[in-house]
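1. I need the structure of the sequence given here:
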Amino acid sequence: MAALPSTLLSPTRDSVENSKVLVVGAGGIGCELLKNLVLTNFKYIEVIDLDTIDVSNLNRQFLFQKQHVGKSKAQVAKDSALRFNPDCNIIAYHDSITNPDYGVEFFKKFTLVLNALDNRAARNHVNRMCLAADVPLVESGSAGYLGQVTVIKKGLTECYECQPKPPQKTFPGCTIRNTPSEPIHCIVWAKYLFNQLFGEEDADQDVSPDTEDPELAGEAGERALHQEAGENAIGGGIQRTSTRAWAVSTGYDAAKLFHKLFHDDVKYLLSMEKLWQKRRPPTPLDWNNLPEENGTAETDSNARIQDQQLWNIRKCAAVFRDSIEQLKEQLAARGDGAELVWDKDDEASMDFVTCAANIRAHIFGIPTKTRFDIKSMAGNIIPAIATTNAVVAGLIVMEALKILSGNISKCKTVYLNRQPNPRKKLLVPCKLVEPNPKCYVCSAKPEVSVQLNINTVTVKTLEEKIIKGQFGMVAPDVEIDDGKGTILISSEEGETEANNSRHLSEFGIRSGSRLKADDFLQNYELVINIIHIDQLEEDKEFEVVGQTPELGPQPSTSANGPAEPKPGTSKDVEEEDLMIVEEDEEEKSAPTKATAGVKRKTSDSSEQPVAKKVRTAATADDDDIITL
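-> Numbers count the residues shown, from 1 in each chain. The predicted structure follows:
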């Protein structure tokens with residue numbers, strides 16, 4: 001098979017054949033995109049993806065087959081795509097796009113970059129690299145039946161970060177550890193438990209009961225603390241220590257782990273009487289006397305597939321035992337000091353989180369979930385649909401052709417909706433929007449203000465949660481703008497490690513202080529104004545203020561789309577980062593949501609619910625819309 005006979009006019013055809021394209025991501029959209037590119041006769045393509053192929057990819061990532069499981073997605077995608085057009089030159093990288101090897105000079109060698117990513121951190125990074133290299137970027141994403149494609153060009157359009165994204169939702173630690181009320185709370189707890197037992201330990205993810213719960217009265221908390229050394233001693237007489245240390249000391253004995261987590265710790269919580277004055281108290285479980293509950297105990301080949309069966313507590317306990325044994329073997333095989341990383345596609349890891357979450361849910365009277373449901377919630381994904389990815393990949397190439405033909409001004413943000421709107425339109429194109437002058441990434445002088453408590457926030461929190469987490473830097477250097485150039489954080493390993501545990505106030509930082517953050521890799525500088533506040537709402541450690549205009553229907557404010565505000569109706573979507581536009585029969589445009597979509601997203605009960613954003617859509621030209 002070779003490229004399809006070209007229907008492109010000569011100048012565009014020549015541009016396509018001589019262009020050099022970078023494809024970031026070789027998953028659901030990436031596979032479809034590579035196929036489209038080689039059949040459109042793009043000659044020079046480079047593709048990068050860090051992932052390896054999993055069995056679960058085979059139902060939609062058609063460049064992969066069973067024999068490819070465990071191999072590099074980028075390399076296999078390259079080999080498969082070349083079968084469509086052997087005349088193409090494709091270079092594959094099995095690596096992360098955030099690797100310092102792929103700096104600004106790497107990006108500058110491409111005519112355009114095409115994103116087929118599934119996470120915000122990588123999207124932010126590629127957005128900044130393309131801005132620094134001044135290379136056009138075609139951003140894309142899909143979530144179930146929903147999809148979106150947009151074009152980002154420095155100085156011409158909004159960048160990916162011009163509008164604020166809803167933050168990844170977190171839950172107060174005391175809710176996770178003490179008073180869960182929803183399945184997602186139990187799932188988060190189970191993932192924390194996995195890290196405490198087998199992964200990277202994080203004090204913020206401790207699963208033991210929280211005696212600093214703000215709801216606790218002094219007497220109840222004191223009583224709980226005193227009882228810790230008595231009745232709440234762990235089975236076998238082992239006193240409470242770190243979860244990992246205690247588990248290792250027991251040889252990861254499943255019965256003892258169960259007794260600690262689902263009996264002793266629950267009794268410990270019950271001693272905090274104030275917590276249960278207006279709540280249903282939890283019920284401790286006994287490993288040797290588990291209740292008979294509705295649900296499936298054994299796999300029934302004639303029933304629904306195992307992932308969609310609801311396990312009873314005895315089945316959960318058995319899976320809990322088996323998964324611990326498998327994970328213990330995986331950990332031992334990696335040697336001393338090794339850690340496991342939770343992966344929704346690893347059977348033992350997924351089994352562990354499923355049964356631990358469901359056992360805890362049962363204890364607190366919360367509905368249990370199937371393994372399939374928990375995988376979707378814990379992995380922050382919704383079922384991917386091959387047809388959506390195919391449509392999105394086709395739209396990417398259409399926008400790329402406009403750029404290569406010199407018609408970037410005619411590029412659109414295109415939204416694929418779940419169903420046709422009243423005007424029978426499934427795909428809705430909208431005008432690109434000019435850059436946000438207050439954007440803390442692409443404005444002339446990026447600057448932002450952050451509220452925090454200088455007496456409690458440490459340098460480590462500043463680096464990991466604010467500089468890297470909130471603002472997406474990869475290797476930041478941070479100095480205090482105090483006339484002395486005091487270095488707070490260095491990208492050189494170990495250089496400022498001693499600062500990590502110190503509070504910002506110890507460096508003379510106060511309300512009104514300015515920090516200069518610089519990421520050499522991203523060619524990105526940001527000034528951060530510190531605003532001291534004693535306490536933020538909802539147990540937040542910090543809050544970004546005033547980095548963008550207030551959200552709402554206003555001209556030219558769509559994240560990757562429309563201008564011209566017009567009345568209409570908005571469509572609520574549960575997948576974050578997607579903006580879905582519906583045109584009304586009577587009114588030609590509608591307020592919508594923002595920005596480029598993502599493939600793996602959450603349902604309404606997942607860890608990262610969406611903050612709704614009202615945006616405005618522009619009237620689309622009829623010849624740009626597919627009408628059903």
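2. if I look at Thr387, how far off is Gly28?
-> In this view, Thr387 and Gly28 are 11 Å apart by C-beta to C-beta, to the nearest Å. For glycine as for every other residue, the C-beta is placed from the backbone atoms N, C-alpha and C.
3. What of Val135?
-> 24 Å.
4. and if you look at Lys267?
-> Lys267 is 46 Å from Gly28, by C-beta to C-beta.
5. more crowded one of those two?
-> Gly28 (26 against 14; other C-beta atoms under 10 Å).
6. excluding its backbone neighbours, what's nearest the more buried one?
-> Closest residue in space to Gly28, ignoring its immediate chain neighbours: Asn389 at 4.3 Å, by C-beta to C-beta, 6 or more residues apart in numbering.
7. helix or strand for that neighbour, which one?
-> helix 386-404 (DSSP states H and E).
8. Summarise which helices and strands the following helix or strand past that helix is packed against.
-> The helix or strand immediately downstream of helix 386-404 is strand 412-416, counting by DSSP H and E. Where contact means 3 or more C-beta pairs under 8 Å, 6 or more residues apart in numbering; DSSP states H and E, strand 412-416 is packed against strand 146-152, helix 386-404, strand 427-431.
9. Let me know which of those is tucked in deepest.
-> Highest mean neighbour count of the helices and strands packed on strand 412-416: strand 146-152, a mean of 29 (counted as mean count of other C-beta atoms under 10 Å).
10. which residues sit in contact with Ile466?
-> The contact partners of Ile466, by C-beta atoms under 8 Å, 6 or more residues apart in numbering, come to 450, 452, 528, 542.
11. thinking again about what came up before, can I get the helices and strands packed on strand 412-416 in JSON lines with mean pLDDT and distance to Glu201?
-> Formatted as JSON lines, these follow (pLDDT from 0 to 100; distance: least, C-beta to C-beta, whole Å):
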{"stretch": "strand 146-152", "mean pLDDT": "95", "distance to Glu201": "37"}
{"stretch": "helix 386-404", "mean pLDDT": "95", "distance to Glu201": "37"}
{"stretch": "strand 427-431", "mean pLDDT": "92", "distance to Glu201": "46"}
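12. Could you export those to CSV, including columns for distance to Asp118?
-> Listed next are the helices and strands packed on strand 412-416 as CSV, based on distance: least, C-beta to C-beta, whole Å:
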stretch, distance to Asp118
strand 146-152, 13
helix 386-404, 11
strand 427-431, 22
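13. what's the closest of the ones you listed to Thr7?
-> helix 386-404 (10.8 Å; C-beta to C-beta).
14. CA-only coordinates of that closest one in PDB, if you can.
-> Coordinates of each C-alpha in helix 386-404 appear next as PDB, following Å, rounded to 0.1, in the frame of the first residue of the first chain:
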ATOM      1  CA  ALA A 386     -12.100   4.400  18.100                       C
ATOM      2  CA  THR A 387     -14.500   6.300  15.800                       C
ATOM      3  CA  THR A 388     -14.100   9.500  17.900                       C
ATOM      4  CA  ASN A 389     -10.300   9.200  17.600                       C
ATOM      5  CA  ALA A 390     -10.600   8.700  13.900                       C
ATOM      6  CA  VAL A 391     -12.700  11.800  13.400                       C
ATOM      7  CA  VAL A 392     -10.300  13.900  15.600                       C
ATOM      8  CA  ALA A 393      -7.200  12.600  13.700                       C
ATOM      9  CA  GLY A 394      -8.800  13.600  10.400                       C
ATOM     10  CA  LEU A 395      -9.600  17.100  11.700                       C
ATOM     11  CA  ILE A 396      -5.900  17.400  12.900                       C
ATOM     12  CA  VAL A 397      -4.700  16.800   9.300                       C
ATOM     13  CA  MET A 398      -7.300  19.200   7.900                       C
ATOM     14  CA  GLU A 399      -6.000  22.000  10.100                       C
ATOM     15  CA  ALA A 400      -2.400  21.000   9.400                       C
ATOM     16  CA  LEU A 401      -3.100  21.400   5.700                       C
ATOM     17  CA  LYS A 402      -4.400  24.900   6.200                       C
ATOM     18  CA  ILE A 403      -1.200  25.800   8.000                       C
ATOM     19  CA  LEU A 404       1.000  24.400   5.300                       C
END
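15. I'd like the distance between Leu327 and Asp51.
-> Taking C-beta to C-beta, one finds Leu327 at 21 Å from Asp51.
16. Who has more neighbours out of these two?
-> The neighbour comparison of Leu327 against Asp51 (other C-beta under 10 Å) goes to Leu327, with 22 against 17.
17. Assign a three-state SS to that one, would you?
-> helix (DSSP: H, G, I helix; E, B strand; the rest coil).
18. Could you give the number of residues near the closest residue to Arg280 other than its chain neighbours?
-> Using C-beta to C-beta, 6+ apart and skipping residues adjacent in sequence, the residue nearest Arg280 is Gly365, 5.0 Å away. Neighbourhood size, Gly365 [other C-beta under 10 Å]: 13.
19. returning to what we had before: quick one: closest of the helices and strands packed on strand 412-416 to Arg360.
-> It is, among those and with distance given as C-beta to C-beta, strand 146-152, at 32.3 Å.
20. Tell me which strands the closest one pairs with, and in which orientation.
-> Sheet pairing of strand 146-152 (DSSP bridges) gives strand 137-143 (antiparallel), strand 412-416 (antiparallel).
21. Please identify the most buried of those strands.
-> By mean neighbour count, with neighbours taken as mean count of other C-beta under 10 Å, strand 137-143 ranks first of those at a mean of 29.
22. Give me the mean pLDDT for it.
-> If you average the pLDDT over strand 137-143, you get 93.
23. do the same with stretch 470-479
-> Averaged over stretch 470-479, pLDDT sits at 92.
24. try stretch 11-30
-> Throughout stretch 11-30, pLDDT has a mean value of 93.
25. Gln205 and Arg177, how far apart?
-> Taking C-beta to C-beta, one finds Gln205 at 10 Å from Arg177.
26. before we move on, back to that, run the chain-centre distance for the helix holding Asn389.
-> 23 Å (C-alpha atoms, centre = their mean, to the nearest Å).
27. helices and strands around it, which ones?
-> Partner elements for helix 386-404 (3+ C-beta pairs under 8 Å, 6+ apart): helix 10-18, helix 28-39, strand 112-115, strand 137-143, strand 146-152, strand 412-416.
28. can you list contacts of the third one?
-> Taking C-beta under 8 Å, 6+ apart as the criterion, the residues outside strand 112-115 that touch it are 19, 21-25, 33, 37, 107, 123, 126, 130, 135-140, 396, 400, 403-404, 596.
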